[in-house]
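Q: Give me coordinates for this.
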Amino acid sequence: MVNDLIDFLKLQSRDIEYYNRYSIALIFIIIVLCEILYTFISTNYQFSISSFFVDLMFTIFSLLFEVLFFVYWLGRKDKKYSYAALLNYLGMLTIITYLALTIYEPILQFLNPSSWVGIFAAVVILAYVVYLTVANLAKATDISKKYALGGSLIIIALLQIPSQILF
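A: Take a look at the predicted model:
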């Protein structure tokens, strides 16, 4: 699994069906561990059990909704994937996204987040995470990056932006 996660970072993901070899339970356990790690590394996060569980439940809900959306979105291009296959793949993509964001957090500790350098670093990591998601999704499903970007932007608009505003 570690090699496959490294392949995601190098934008060398394989066909979605390949990731069915991993247990979805294992993927969810790793997502929970990533959430715990991110919570403890985050610089401005006031830890509380209730807010941790809200964040975790939102992450899981977002992943389940994202899978449902991409079953539909990819189906529009005659790419028929099962919910389970996409759940495994997007779960792996969620793990690598968490790891990229977790690596960014210690860097933020050394930067003033309101300075130009801090803002630039935040934009760079955000762009990298979006590109990582889009490029890997396009490669794994054999769709254009433009179409993958369109689906990703819809997910960002429906889930990520409202979650940042509400939570």
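Q: Summarise which helices and strands the helix or strand harbouring residue 38 is packed against.
A: Element membership of residue 38 [criterion: DSSP states H and E] is helix 24-41. Counting contacts by 3 or more CB pairs under 8 Å, 6 or more residues apart in numbering; DSSP states H and E, helix 24-41 packs against helix 49-75, helix 83-110. Bear in mind the C-beta positions are built from the backbone N, C-alpha and C, glycine included.
Q: Tell me what angle that helix forms with helix 49-75.
A: With axes from the mean of the first three to the mean of the last three CA atoms, to 10 degrees as the criterion, the two stretches helix 24-41 and helix 49-75 enclose an angle of 130 degrees.
Q: Pull the number of nearby residues for residue 116.
A: The criterion is other CB atoms under 10 Å. On that basis, residue 116 has 9 neighbouring residues.
Q: what does residue 162 give?
A: Summarising burial for residue 162: neighbours were counted as other CB under 10 Å, giving 11.
Q: Look at it and report its pLDDT.
A: Per-residue confidence at residue 162 stands at 70 (pLDDT).
Q: so how far is residue 55 from it?
A: Using CB to CB, to the nearest Å, one gets 14 Å for the distance from residue 162 to residue 55.
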